[in-house]
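Student: Just a sequence and a predicted model for now, questions to come.
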Amino acid sequence: MKSEHIKSDITVIGGGLAGVCAAVAAARLGQTVSLVNNRPVLGGNSSSEVRVWVCGATAHGTQRYARETGIMGEMFVENQYRNPEGNPYLWDLVVLETVLAEKNIQLFLNTDVHELEAEGPEENRVIHSATGWMMGSERKIRFDSKMFIDCTGDGLVGFLAGAKYRIGREAREEYNEDWAPEVADDITLGSTLLFYTKEASMPVKYIPPSFAKDITQTSIPIKRVIRSGDSGCHYWWIEWGGELDTVHDNERIRDELWSVIYGIWHYIKNSGQFKADNMTLEWVGSIPGKREYRRFLGDYMLNQNDIIAQEPFEDRIAFGGWSIDLHPPQGMYSEESGSKHLFPDGIYHIPFRSLYSSNVRNLMFAGRDISATHVAFGTTRVMATCAVIGEAAGSGAALAVQKGITPRRLHDEYMNELQQTMLRQDASIIGLAGEDPNDLAKSAFITASSTQECIEIENASLTHSLDSDIGILFPVHPKLASVELLVNAKQSTTLEAELWLTGKGENYVPKQWIKSASKAVEAGNKQWVKLDLDWVPESACNAFVIVKANEDITLHVSVEPLTGVLCFEKGPRPIVSSLLEDHQQDQPVAQWSMRKWNRRPVCLRVSPNSKCYSAAQVTDGYVRPYAGPHLWVSQPITANSQEWIQLVWEREQEIVEIHLTFNDDVNEDLINLHHHRTPFAVIPEVVQCYQVKAFIAGEWVMIISEQNNHKRKRVHQLEEKVRTKKLRLCIEETNGSPRAEVYEIRVYGLS
C-alpha cells in the first residue's frame with residue numbers, strides 16, 4: 001500500500017456537477033484544489049454511468065430566460081456544440097475537459113473518502129484532513145486543506161465531521177409548509193436505475209433472467225407509462241427505496257430496480273402489446289441514481305415559502321426554477337401519480353447561508369445536501385441547480401481562504417464582494433448588477449454604429465387561429481403608446497386585448513392588470529390593427545399583452561425572432577401522463593406556455609421606439625434579462641456594413657484584460673442527453689467573428705481577432721498592455737442572427 005499526503009487550499013469531495021463547478025470556480029479564483037471522486041468518471045448522476053438528464057431552472061421550457069450561465073452554462077453550450085446527439089460518453093468528456101483545463105486542480109478519480117480528522121466541541125468543530133482509498137491503485141491518500149466542500153450528495157464528509165444534518169421530512173408546522181406532512185418522518189425520495197434500447201437490423205429474442213419481476217402482478221402497467229420507443233430518463237419513474245435507507249439499503253434497492261427493469265423489458269418484448277420484435281437492450285445502469293439523503297443545517301434553512309415567494313435574499317448567490325417536485329414514498333409501486341409539481345411564478349433565489357455548516361467552521365456543501373427542508377429540496381435537487389450552487393460554494397470557499405476567515409464571517413462582512421466576484425465570472429445570479437470599481441468600462445462613454453430602436457416583427461411566415469388567448473411579452477422603456485398586430489378576419493369583429501405588468505423583474509407571466517383595449521376589425525386579410533395602450537411605467541419593465549381568443553381572427557406569425565419578444569398560449573400545461581405528473585393547473589407558468597412559440601413571435605409593431613437595446617446597456621451591470629433585455633442590439637448586419645460598439649475615455653487607459661459577454665439566448669432550453677435537440681449547434685445570437693481595436697497613435701490597431709466563436713463569455717488577456725483612449729468591438733458575423741448582440745463589455749487595467 002502506498003501512502004500519500006496532498007496539501008491544497010481547498011478539498012472538494014464529490015465529482016458530480018456540484019463538485020465540478022465548486023472545484024473549477026475556486027481554481028479560477030487562484031486557489032489550489034483537490035477534487036476527489038469515488039467513481040471513474042465525473043458528472044455524478046449525469047455521467048454515462050447513470051445517465052440522468054441535466055435539468056435545471058428552465059424546467060424543460062417552463063420558465064423563461066432561466067438557463068444557467070457561469071460554469072454550468074459553459075458546459076451546456078459546449079455540449080450542444082460538440083454533442084448534438086446527446087451521446088453520454090461525449091458528455092463525460094465535456095465535464096472532464098472543463099476540469100482538466102484548470103491548472104490549479106488536482107483530480108483524484110476512483111478515490112473513496114471514508115476517514116476524516118476533525119476536532120472541537122459540537123458547536124465549533126474544524127476539519128483537518130480527509131483520507132481516501134484510490135481503488136485499483138492501492139493508494140491511501142490524505143488530503144489536508146483549509147476548507148472542505150462536501151459535494152458527495154449523501155453528505156458523508158459532513159457526517160464524519162460531526163456536522164448537523166437531517167434525513168426525512170419535516171413536520172408541516174416547523175416551517176409552515178403546505179406540502180410537508182403533519183408529522184415528521186424519515187421518508188425520502190427513492191433511487192432510480194435507467195436503461196437504453198436500440199433497434200436492431202433483425203428480430204431479437206429476449207429471455208428474462210430468473211430474478212425479473214412479473215410486472216403484470218403489480219400496479220406498474222396500470223399506473224405508469226410504458227412505451228417501446230422510450231428509454232433513459234423517460235423511465236425516471238422506475239424509482240424505489242423512499243421508505244428504506246437509501247444509503248445503507250443501496251444494494252437492496254439496486255436489486256429491486258434491476259428486477260423491475262428486466263421485467264419491464266420482458267413485458268415490452270414478449271407481451272405482444274408492443275412493436276418490439278427488432279428491439280434490444282443496449283445498456284442497463286448498475287449504479288442507482290440517488291435523489292435524497294442527508295441535508296445539512298446551515299445558518300439558514302431554505303423552505304417552501306421562500307421558493308413560492310421568490311424571496312430576494314440579500315445574500316443570494318444562485319437561482320433555481322424547477323418545480324417543487326416530490327414523489328410518493330412507494331415509488332413505482334404507488335397508485336398515486338409518479339410526481340407532483342408546484343411552481344413559483346418565475347425563478348427563485350438561493351442564499352449563501354444555506355451553503356455552509358452551522359457548526360463546522362471550515363465545511364461548505366453544494367448539491368442535494370444543502371441546508372433546505374425536504375419540500376424545498378424537491379426543487380434544489382436537480383443537477384443544473386446543484387451545479388450553480390457548486391459554483392457559489394467554490395467561489396465562497398476561495399474568498400474565505402484568501403482572507404483567512406470562515407464562510408460565516410465571509411457572509412457577515414464580505415457578501416457584496418463575493419457576489420461581485422461571481423458576477424464578474426458570469427455566475428447564475430439574477431437581479432444584481434455588476435458594480436466592479438476596477439472595471440474601466442464603467443467610466444467610458446459608449447456609442448455604437450447603430451441600435452435597434454423599434455420593436456417590429458413584420459416578416460410573416462405562418463398563421464395561427466386565435467382559438468385561445470395569446471400572450472405577447474416585450475420590453476417597455478420608457479413608455480408604451482400602442483401595439484399593432486397583423487391579422488386576418490373572417491368577418492367584421494372586435495379584437496380585444498389586455499395590458500398586464502409581470503411584477504417581479506425575473507417573472508414573465510401576467511401579474512397586475514393595467515388596462516384593456518379593443519379595436520373594430522373589418523373582414524379581410526393581412527390587416528395591421530392598432531391597439532391603443534398608452535402607459536408610462538415607473539421604470540423599464542416587460543409588458544405582457546393578452547390577446548383575447550376570437551374564432552374569427554387569425555394572427556400572422558414570423559420565424560424570425562427578436563430578442564426580448566416572447567409569445568405564449570394559454571391552456572393547461574402539456575404533461576406526459578396524468579399517471580406520471582400531477583400539476584396544479586392554476587399556476588401561471590403552467591397556464592402560459594410557449595412550447596409551440598419558441599422563436600416564433602407574432603407579427604407586431606410597438607410604438608414608440610424603445611431604449612431597451614441601447615449601447616449603454618453593455619455597462620449597466622446586468623448580464624442576463626431582468627425587467628428587460630439589458631443588452632445592445634444593432635440594426636441588421638448587411639454585406640456592406642460592419643457593426644461596432646465603442647468605448648471612449650477622457651484620459652488614456654492602460655488595458656491588460658477585456659471581458660466580452662455575448663447573447664446566448666438563456667431562454668433556449670438546452671440539455672445534455674436525449675430529451676430534445678435544437679436545430680442549431682450554436683445559439684444563433686452568439687457573435688461568431690469579431691475584432692477588438694484600439695485607437696493608437698492616430699489609427700485603429702487590431703489587438704484581438706476571433707473567427708469561430710461559439711461561446712457566451714470570452715476573456716481576453718493581452719500579451720502586452722495597451723494604452724488608449726478609444727476601444728472598439730467590431731462585429732463581423734453572428735452564428736445566424738441578423739443583428740449583433742452584446743450583453744457586457746468589461747475592461748481591466750493593471751491591478
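Tutor: In hand now; what should we look at?

Student: In the stretch 201-350 of the chain, what residue spans correspond to strands?
Tutor: Under the criterion DSSP state E, counting those that start in this stretch, the stretch 201-350 of the chain contains strands at 239-240, 279-284, 295-296, 316-320, 324-326, 339-342, 348-351.

Student: Just tell me which of these ends up closest to A18.
Tutor: Nearest to A18, of all these, is strand 316-320, at 10.7 Å by CB to CB. Just so you know, the C-beta spots here come from the backbone N, C-alpha and C atoms, and that holds for glycine as well.

Student: Could you list every helix and strand in contact with that closest one?
Tutor: Contacts defined by 3 or more CB pairs under 8 Å, 6 or more residues apart in numbering; DSSP states H and E place strand 316-320 against strand 348-351, helix 383-403, helix 407-424.

Student: at 6 Å what do you get?
Tutor: Where contact means 3 or more CB pairs under 6 Å, 6 or more residues apart in numbering; DSSP states H and E, strand 316-320 is packed against strand 348-351, helix 383-403.

Student: Put together TSV for these, with mean neighbour count on each row.
Tutor: Below are the helices and strands packed on strand 316-320 laid out as TSV (neighbours: other CB atoms under 10 Å):
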stretch	mean neighbour count
strand 348-351	27
helix 383-403	28
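
Student: didn't N542 look like it was pressed against G471?
Tutor: No - counting by CB atoms under 6 Å, G471 is not a contact partner of N542; they are 11.1 Å apart.

Student: Look at these two and report which has more neighbours.
Tutor: N542 (28 against 24; other CB atoms under 10 Å).

Student: and that one, helix, strand or coil?
Tutor: Using DSSP: H, G, I helix; E, B strand; the rest coil, the structure places N542 in strand.

Student: what pairs with it across the strands?
Tutor: Here N542 sits in beta bridges with P475, going by DSSP bridges.

Student: shaky segments in the stretch 351-500 of the chain?
Tutor: Counting by pLDDT under 70, the stretch 351-500 of the chain contains no low-confidence residues.

Student: on that earlier part again, wait, which of the helices and strands packed on strand 316-320 is closest to T246?
Tutor: For T246, the closest of the helices and strands packed on strand 316-320 is helix 383-403, at 16.7 Å, according to CB to CB.

Student: Spell out the residue ranges of the helices in the chain.
Tutor: Shown for the chain, the helices assigned by DSSP state H span residues 17-28, 70-82, 88-100, 156-161, 172-175, 220-223, 250-270, 304-309, 374-380, 383-403, 407-424, 588-591.

Student: so of these, which one's packed in deepest?
Tutor: Among these, helix 17-28 has the highest mean neighbour count (mean count of other CB atoms under 10 Å), at a mean of 32.

Student: avg pLDDT for that helix?
Tutor: Mean pLDDT, helix 17-28: 98.

Student: Check which helices and strands that helix sits against.
Tutor: When contacts are defined as 3+ CB pairs under 6 Å, 6+ apart, helix 17-28 sits against strand 10-13, strand 33-36, helix 383-403.

Student: Mind putting the ones you listed into a markdown table with distance to T98?
Tutor: Formatted as a markdown table, these follow (distance: least, CB to CB, whole Å):
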| stretch | distance to T98 |
| --- | --- |
| strand 10-13 | 14 |
| strand 33-36 | 11 |
| helix 383-403 | 11 |
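
Student: Of the ones you listed, which is nearest G434?
Tutor: Closest to G434 of the helices and strands packed on helix 17-28 is helix 383-403 (CB to CB; 14.3 Å).

Student: between that closest one and strand 316-320, how many degrees?
Tutor: Angle, helix 383-403 to strand 316-320, by axes from the mean of the first three to the mean of the last three CA atoms, to 10 degrees: 170 degrees.

Student: ok, the closest residue to K290 other than its chain neighbours - contacts?
Tutor: In space, and not counting its chain neighbours, K290 is closest to S191: 4.9 Å by CB to CB, 6 or more residues apart in numbering. Applying CB atoms under 6 Å, 6 or more residues apart in numbering, we find S191 in contact with G241, T246, I253, P288, K290.

Student: Show me what Q691 bridges to in the sheet.
Tutor: As for beta bridges, Q691 partners with S705, C730 under DSSP bridges.

Student: Give the burial count for it, as a bare number.
Tutor: Per other CB under 10 Å, the neighbour tally for Q691 reads 18.

Student: With only the CA atoms kept, save stretch 55-74 in PDB.
Tutor: The C-alpha trace of stretch 55-74 is given here as PDB (Å, rounded to 0.1, in the frame of the first residue of the first chain):
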ATOM      1  CA  CYS A  55     -32.400  19.500 -15.600                       C
ATOM      2  CA  GLY A  56     -32.400  23.000 -14.100                       C
ATOM      3  CA  ALA A  57     -34.200  26.300 -13.800                       C
ATOM      4  CA  THR A  58     -35.700  26.100 -17.300                       C
ATOM      5  CA  ALA A  59     -37.900  23.200 -16.200                       C
ATOM      6  CA  HIS A  60     -38.000  21.800 -19.700                       C
ATOM      7  CA  GLY A  61     -39.000  25.100 -21.200                       C
ATOM      8  CA  THR A  62     -41.500  26.100 -18.500                       C
ATOM      9  CA  GLN A  63     -39.500  29.000 -17.000                       C
ATOM     10  CA  ARG A  64     -38.400  31.900 -19.200                       C
ATOM     11  CA  TYR A  65     -34.800  33.200 -19.600                       C
ATOM     12  CA  ALA A  66     -33.800  30.700 -16.900                       C
ATOM     13  CA  ARG A  67     -31.000  28.700 -18.400                       C
ATOM     14  CA  GLU A  68     -27.900  28.700 -16.100                       C
ATOM     15  CA  THR A  69     -24.800  30.700 -17.000                       C
ATOM     16  CA  GLY A  70     -21.400  30.500 -15.400                       C
ATOM     17  CA  ILE A  71     -19.600  27.200 -15.400                       C
ATOM     18  CA  MET A  72     -22.800  25.100 -15.900                       C
ATOM     19  CA  GLY A  73     -23.800  27.400 -18.700                       C
ATOM     20  CA  GLU A  74     -20.400  26.900 -20.400                       C
END
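
Student: any low-confidence regions in the stretch 101-250 of the chain?
Tutor: Within the stretch 101-250 of the chain, no range satisfies pLDDT under 70.

Student: closest to G73 among the contacts of S191?
Tutor: Among the contacts of S191, and counting by CB to CB, the member closest to G73 is K290, at 25.3 Å.

Student: doesn't T246 make contact with the closest one?
Tutor: Yes - with contact defined as CB under 6 Å, K290 reaches T246; the gap is 5.5 Å.

Student: Mind pulling up the pLDDT for L579?
Tutor: 65.

Student: what do you get for A639?
Tutor: On the pLDDT scale, A639 is placed at 83.

Student: Need phi/psi at it.
Tutor: A639 adopts backbone torsions of phi -60, psi -20, taken as degrees, to the nearest 10.

Student: coming back round to it: how about a markdown table for the strands of the stretch 201-350 of the chain, with distance to R728 added?
Tutor: Converted to a markdown table, those look like this (distance: least, CB to CB, whole Å):
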| stretch | distance to R728 |
| --- | --- |
| strand 239-240 | 56 |
| strand 279-284 | 52 |
| strand 295-296 | 50 |
| strand 316-320 | 34 |
| strand 324-326 | 48 |
| strand 339-342 | 48 |
| strand 348-351 | 37 |
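
Student: Indicate which one of these is closest to E720.
Tutor: The closest of those to E720 is strand 316-320. By CB to CB, the value is 35.7 Å.

Student: measure N488 to G524 for me?
Tutor: 7 Å (CB to CB, to the nearest Å).

Student: The two: which is more packed in?
Tutor: Comparing N488 with G524 by other CB under 10 Å, the one with more neighbours is N488, at 18 against 12.

Student: wait, what's in contact with the more buried one?
Tutor: By CB under 6 Å, 6+ apart, N488 lies in contact with N525, T554.

Student: now do N667
Tutor: R64, Y65.
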